[in-house]
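> got a predicted structure plus its sequence, pasted below:
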Amino acid sequence: MCRNIKTLFNFEPPATEDEIHASALQFVRKLSGFNKPSQANEAAFDGAVAEVSEAARRLLVSLHTHAPARDREVEAEKAKERSRLRFG
């Protein structure tokens, strides 16, 4: 799994277009092995990012849960604490 891709579902406020695009970009980078594609591959790379972004957007809209929405700041603090415990 791509460690830089963050969970986007069930947060308050909801995921932004920029967050969805960033996660799609990370996913396509991981699959392709390119951080930045060559000119020959740029169209395919950008098209894949757009398609993954759209699929992610559709997924987030279609998911349902009974759990209360999580707070981004609280989750960020938990992640920092886990990191501190793991890496010292």
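Looks like it arrived, so ask away.

> chain center to the top helix by length along the chain, what's the gap?
Using DSSP state H to define each element, the chain has its longest helix at helix 39-62. Computed by C-alpha atoms, centre = their mean, to the nearest Å, the chain-centroid distance of helix 39-62 equals 12 Å.

> following it in sequence, what is the next regular element?
Using DSSP states H and E, the helix or strand that follows helix 39-62 in sequence is strand 70-71.

> give me the mean pLDDT for the longest helix of the chain.
When pLDDT is averaged over helix 39-62, the result is 97.

> buried ones in it, by neighbour count?
By neighbour count on 16 or more other C-beta atoms under 10 Å, the buried set for helix 39-62 is 45, 48-49, 52-53, 56-57, 60. (Each C-beta comes from the backbone N, C-alpha and C, glycine too.)

> with adjacent residues omitted, what lies nearest to the one residue sitting closest to the centre of the chain?
The residue lying closest to the centre of the chain (C-alpha atoms, centre = their mean) is Ser23, at 2.8 Å. Setting aside the residues directly before and after it, Ser23 is nearest to Ile5 in space (C-beta to C-beta, 6 or more residues apart in numbering), at 4.8 Å.

> where does the one you found land in three-state SS?
Under DSSP: H, G, I helix; E, B strand; the rest coil, the three-state class of Ile5 is coil.

> rewinding a little: separation between the residue nearest to the centre of the chain and Leu85?
25 Å (C-beta to C-beta, to the nearest Å).

> got it, and Lys6?
Taking C-beta to C-beta, one finds Lys6 at 19 Å from Leu85.

> more crowded one of the two?
Neighbours were counted for Lys6 and for Leu85 using other C-beta atoms under 10 Å; Lys6 has more, 16 against 8.
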